[in-house]
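Enquirer: Only the shape, not the letters, is given here:
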């Protein structure tokens, strides 16, 4: 664990590299020969002033209460114990349909409460019929573990057990857990396939399935794995699909595996109104890492998520920042499951102030109180940018997103 003190050369003035909107001399991320070949994004799209933050509950006052929903009394008690009163928009719109047994497609921006939208009605369904089994398929192990944490927070007193099955972790404990009584399996496509091939997981007994972050799973090349998993499930079944976007590939998946689904879309704008977005221009001859260090030394940079394009770049940058006296960790695909979880927990628990990540951390993760997201490397697409900056400006708070332009 990194416990070095933060370097004390704080500078409180606005960095001279930050440019206002409307400048036309940006080079942006037009690909160089042999360099980054992501889609061109007009740098002006990285600039947007945040709207004043509004109390999160205000938008839900006129909507239903959790106590209005036809949940089991024990589940209502568990929800109230966590201090939840009003469902978020995606929860209020989807939960009644899920409780009726409908297939549902839920489209919503990141950070809108999608996990609760499917977990709560599915927990309720299992409480009413303990023979029900639920499979939750997600693109990354971090998201799987986050969903398990949410599940445990609601179901710890309800005698419902969940098993997490993810790659990068020892498969033997997962097999042992699958041999005990459980109603829920949360897993990534590759590890679920491994367990099926070993005959340690039989999907024909699962009557419910959730595909979470479906667009990300397709982006990561899991389409054939997802189709295989769906083909092995019980029929009839209840299928829930949650995604930020709805591509042609996802539509094809819907046509093949969902039955008369209810479509719910809660997407008000592309980027959060509570994220103050700007650029940091690195002039010719300037050292990009030195520019970054000057930014990080400012007092209001408190909990920072930095995105790089490659795993090697994330590790190198985290090491350089650590040597410069910052409390920094990295998270990327070359790290073991244990290393990634340790880094994530250190960041969540404020034991380190900077987490350097590849896009594996951009989707679905709920990391509280991130003050700044910094795109040290440009994202491959504007959609990736949206998901990156969605890690800040959450729960009614204003955040800041800065994108480096060279």
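Expert: Everything's here; your move. Keep in mind the model is a prediction, meaning the values are calculated, not measured. Residues are numbered from 1 along each chain as shown.
Enquirer: Next, count neighbours for residue 172.
Expert: 8 (other C-beta atoms under 10 Å). C-beta: built from backbone N, CA, C; applies to glycine.
Enquirer: Same question for residue 177.
Expert: Residue 177 is flanked by 15 other residues according to other C-beta under 10 Å.
Enquirer: Could you do residue 334 as well?
Expert: 13.
Enquirer: Surely it touches residue 316?
Expert: No: using C-beta atoms under 8 Å, residue 334 makes no contact with residue 316, being 11.7 Å away.
Enquirer: Against residue 380, how distant is residue 216?
Expert: 13 Å (C-beta to C-beta, to the nearest Å).
Enquirer: For residue 77, give me its contacts.
Expert: Residue 77 makes no contacts at all, as judged by C-beta atoms under 8 Å, 6 or more residues apart in numbering.
Enquirer: quick one, helices of this structure?
Expert: All helices of the chain, identified by DSSP state H, fall at 73-81, 89-99, 114-128, 141-155, 171-178, 189-197, 214-219, 223-232, 248-257, 288-296, 311-323, 337-348, 382-389.
Enquirer: For residue 64, which of the ones you listed is the nearest?
Expert: Residue 64 sits nearest to helix 89-99 of all those, at 5.5 Å, using C-beta to C-beta.
Enquirer: Pull up the per-residue confidence for the most far-flung residue of the chain relative to its centre.
Expert: Distance from the C-alpha centroid of the chain peaks at residue 285, with 36.1 Å (C-alpha atoms, centre = their mean). pLDDT recorded at residue 285 is 89.
Enquirer: So for residue 216 and residue 380, which sits in the more crowded spot?
Expert: The neighbour comparison of residue 216 against residue 380 (other C-beta under 10 Å) goes to residue 216, with 23 against 17.
Enquirer: Surely the more buried one touches residue 139?
Expert: Yes: at 4.4 Å, residue 216 counts as touching residue 139 under the criterion of C-beta under 8 Å.
Enquirer: can you list the domains in the protein?
Expert: As given by automatic domain parsing, the domain ranges for the chain are 18-53+274-405, 59-266.
Enquirer: mean pLDDT for the ones you listed: which is lowest?
Expert: Looking at these, the bottom one is domain 18-53+274-405 with a mean of 81.
Enquirer: what about that one, distance to the chain center?
Expert: Distance, stretch centre to chain centre, for domain 18-53+274-405: 15 Å (C-alpha atoms, centre = their mean, to the nearest Å).
Enquirer: before we move on, what about stretch 67-74?
Expert: 28 Å.
Enquirer: What residues of that stretch count as buried?
Expert: 69, 71 (16 or more other C-beta atoms under 10 Å).
Enquirer: Report the buried residues of stretch 383-403.
Expert: 383-394, 398-403.
Enquirer: for stretch 336-348, same thing?
Expert: Those would be 340, 341, 342, 343, 344, 346, 347, 348, for stretch 336-348 by 16+ other C-beta under 10 Å.
Enquirer: okay but the first one is in contact with residue 141, surely?
Expert: Yes: the criterion here is C-beta under 8 Å, and residue 340 meets it with residue 141 at 7.3 Å.
Enquirer: between these two, what contacts are shared?
Expert: residue 168.
Enquirer: OK, contacts around residue 341?
Expert: 142, 145.
Enquirer: Residue 281 touches residue 291, doesn't it?
Expert: No: assessed by C-beta under 8 Å, residue 281 is found out of contact with residue 291, at 9.1 Å.
Enquirer: got a list of what residue 166 touches?
Expert: 141, 144, 145, 174, 187, 188, 191, 337.
Enquirer: can you tell me which of those lies nearest to residue 157?
Expert: Using C-beta to C-beta, those come closest to residue 157 at residue 145, 20.7 Å.
Enquirer: what's the distance between the closest one and residue 299?
Expert: Taking C-beta to C-beta, one finds residue 145 at 33 Å from residue 299.
Enquirer: More neighbours: the two, which one.
Expert: residue 145 (21 against 8).
Enquirer: Show me the beta-bridge partners of the residue lying closest to that one once chain neighbours are set aside.
Expert: Spatial nearest neighbour of residue 145, chain neighbours left out: residue 164 (6.2 Å); criterion: C-beta to C-beta, 6 or more residues apart in numbering. Bridge pairing for residue 164 (DSSP bridges) gives the partners residue 186.
Enquirer: Residue 164: neighbour count?
Expert: 23.
Enquirer: Residue 173 now?
Expert: Neighbours around residue 173, by other C-beta under 10 Å: 11.
Enquirer: Please apply the same query to residue 109.
Expert: Neighbours of residue 109 using other C-beta under 10 Å come to 18.
Enquirer: is it true that residue 211 touches residue 242?
Expert: Yes: assessed by C-beta under 8 Å, residue 211 is found in contact with residue 242 at 7.1 Å.
Enquirer: Compare the two (neighbour count), which wins?
Expert: For residue 211 versus residue 242, neighbours defined as other C-beta under 10 Å are more numerous around residue 211 (30 against 25).
Enquirer: ok, what's across the strand from the more buried one?
Expert: Here residue 211, judged by DSSP bridges, has bridge partners residue 137, residue 241.
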